[in-house]
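Engineer: below: sequence and its predicted model.
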Amino acid sequence: MDNTSFGRLLVVQVAALGYELAKDYPEVVSDLGLQFQPLESDFPAVTCTSQATLRTSLSPSEHGIICNGLYHRAQSAVDFWNQSARLLPQQRFWREFRQSGKRVGTVCYQQSLGDPEVDLMLSPAPIHKHSGGIIQDCYSIPGDLYEKLCNRIGGSFNLFHYWGPFSSIKSTRWIRQATTEIMHDKSLAPELLFTYFPHLDYALQKYGPSNVKKTRNALRDVIAELRALVDAAQDAGYEVIIAGDYAISDAEQVVLPNRILREAGIFNTRSLRGKTYADLYSTPAFAMVDHQIAHVFVRDSSRVKKEEVMELFRDKTGVATVTEGRELLDHHNSGEIVLVASPGSWFAYPWWDEKGEAPDYASHIDIHNKIGFDPCELFLDNIFPLRVTQDTSKVKGTHGRADKPVALASTFHLSQTPSRYRDLPSVINQNLG
């Protein structure tokens with residue numbers, strides 16, 4: 001068919017769908033009926049960064065989403081998984097497309113709440129209760145979209161199937177069903193729609209890609225959902241692009257930058273009832289970690305020099321590079337120093353030595369209070385009451401280095417073949433006509 005003649009396009013971002021993974025299991029991937037090609041990853045290869053790059057067509061040095069978290073220097077506070085769309089520059093690659101009268105929608109994208117550049121959106125947005133626990137909910141535009149989808153699907157979105165020790169294919173299946181309902185509703189269906197499949201990422205972080213049986217099963221589950229979604233999309237008059245956002249590697253060793261800083265006497269803590277908490281108001285330095293990248297922030301007014309902090313990590317086992325932040329990610333959100341893990345290594349946020357010294361949130365699913373992404377939240381330590389492990393050795397998969405290609409496929413011939421992930425917005429635009 002003519003590359004620019006179709007009226008509707010669905011873009012499916014599949015977390016952790018690496019090209020090598022697709023190539024290693026041809027008998028599973030063949031069920032999709034599409035041919036995958038490699039697409040070079042962008043650094044850092046993590047969720048929020050990849051999704052920001054895809055929507056803005058800007059590099060991380062330009063859009064400023066330098067990992068899944070941000071450090072607000074004026075507030076001395078780390079903020080992971082903030083959902084506000086206004087953290088992104090108010091630029092979307094589809095602006096001209098939308099100005100021509102076409103509609104755009106996103107389903108389960110990070111940093112999408114309140115996005116003025118879309119006509120439809122849906123994203124998990126639970127309410128955290130003062131007494132503990134959460135009220136599960138999704139934020140949507142239009143405001144009644146989520147309720148309509150729940151009624152049509154026959155159930156609500158369960159956040160516990162999305163993240164944590166009970167994460168499963170069920171969350172991806174619900175997202176697939178919601179996306180299908182949107183595409184088949186003439187009053188809702190946008191001409192350009194983005195959706196997100198999370199399951200493969202969390203399965204591979206739990207088991208690692210070297211676990212052939214579990215990897216094959218997780219990939220088979222995701223391919224089945226993709227097959228159902230592609231069929232539904234084409235029934236609704238959509239062509240489809242499927243793209244991974246990063247590839248998962250085996251996690252063989254953990255590095256604890258904040259413990260290294262604390263042992264050097266330049267990571268300050270507060271002691272409360274036998275627990276230690278990071279004192280970000282006064283600490284000379286700390287690391288905001290995210291999988292295989294760590295942003296080390298060094299306070300200008302402290303007695304510690306940046307070069308001294310860098311020296312702590314040079315030749316450290318598990319650390320591949322120690323770089324001044326602006327040399328690698330030239331944005332004010334970046335740390336004064338950026339660490340990149342060696343292949344097979346990843347960074348964890350803890351600064352304590354003894355389990356009893358850990359802050360109360362260390363054993364909870366608490367994605368907002370920790371000063372780093374914590375994949376230990378995928379593993380149970382105790383079920384009554386619910387506790388997650390602090391044993392970092394349980395984590396078997398990681399990502400972020402961007403040294404492995406992702407997988408790309410489409411139901412139509414692309415006008416040009418993108419060579420790297422950040423080229424994808426331009427190619428989509430060209431095929432939108």
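Structural biologist: Great, that's in hand. All of these numbers come straight from a predicted model, not from anything done at the bench.
Engineer: what's the domain layout of this structure?
Structural biologist: If you go by automatic domain parsing, the domain ranges for the chain are 8-247+402-432, 253-395.
Engineer: please produce JSON lines containing those, extended by mean pLDDT.
Structural biologist: Formatted as JSON lines, those follow (pLDDT from 0 to 100):
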{"stretch": "domain 8-247+402-432", "mean pLDDT": "96"}
{"stretch": "domain 253-395", "mean pLDDT": "96"}
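Engineer: now mean neighbour count too, for those, in JSON lines please.
Structural biologist: Using the backbone N, CA and C atoms, a C-beta is placed for each residue, glycine as well. Below are the domains of the chain laid out as JSON lines (neighbours: other Cβ atoms under 10 Å):
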{"stretch": "domain 8-247+402-432", "mean neighbour count": "19"}
{"stretch": "domain 253-395", "mean neighbour count": "18"}
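Engineer: tell me which helix or strand comes right after the strand or helix carrying residue 54.
Structural biologist: Assigned by DSSP states H and E, residue 54 belongs to helix 47-56. Following helix 47-56 in sequence order, the next helix or strand is helix 60-63 (DSSP H and E).
Engineer: packing partners for that following helix?
Structural biologist: Here helix 60-63 touches helix 47-56, going by 3 or more Cβ pairs under 8 Å, 6 or more residues apart in numbering; DSSP states H and E.
Engineer: okay, the helix it packs on in PDB with CA atoms only?
Structural biologist: Output in PDB follows, covering the C-alpha atoms of helix 47-56 (Å, rounded to 0.1, in the frame of the first residue of the first chain):
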ATOM      1  CA  THR A  47      11.400   4.000  30.400                       C
ATOM      2  CA  CYS A  48      10.800   7.700  31.000                       C
ATOM      3  CA  THR A  49      13.700   8.700  28.800                       C
ATOM      4  CA  SER A  50      12.700   6.500  25.900                       C
ATOM      5  CA  GLN A  51       9.100   7.700  26.000                       C
ATOM      6  CA  ALA A  52      10.200  11.300  26.200                       C
ATOM      7  CA  THR A  53      12.500  10.900  23.200                       C
ATOM      8  CA  LEU A  54       9.700   9.200  21.200                       C
ATOM      9  CA  ARG A  55       7.100  11.900  21.900                       C
ATOM     10  CA  THR A  56       9.300  15.000  21.600                       C
END
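Engineer: and that helix, what other elements does it pack with?
Structural biologist: Checking 3+ Cβ pairs under 8 Å, 6+ apart, helix 47-56 ends up next to strand 8-14, helix 60-63, strand 192-197, helix 424-432.
Engineer: and with 7 Å instead?
Structural biologist: Helix 47-56 makes packing contacts with helix 60-63 when contacts are defined by 3 or more Cβ pairs under 7 Å, 6 or more residues apart in numbering; DSSP states H and E.
Engineer: how far off centre is the helix it packs on?
Structural biologist: 16 Å (Cα atoms, centre = their mean, to the nearest Å).
Engineer: and the contacts of stretch 156-172?
Structural biologist: 124, 126, 136, 138, 150, 174, 197-199, 202, 221-222, 225, 365, 377-380, 388 (Cβ atoms under 7 Å, 6 or more residues apart in numbering).
Engineer: residues contacting residue 266?
Structural biologist: Contacts of residue 266 by Cβ under 7 Å, 6+ apart are 284-285, 304.
Engineer: for those residues, which one is nearest residue 211?
Structural biologist: residue 285 (36.6 Å; Cβ to Cβ).
Engineer: show me what contacts the closest one?
Structural biologist: 261, 266-267, 296-299, 304, 309.
Engineer: kindly recompute the last result at 6 Å.
Structural biologist: 261, 266, 298, 304, 309 (Cβ atoms under 6 Å, 6 or more residues apart in numbering).
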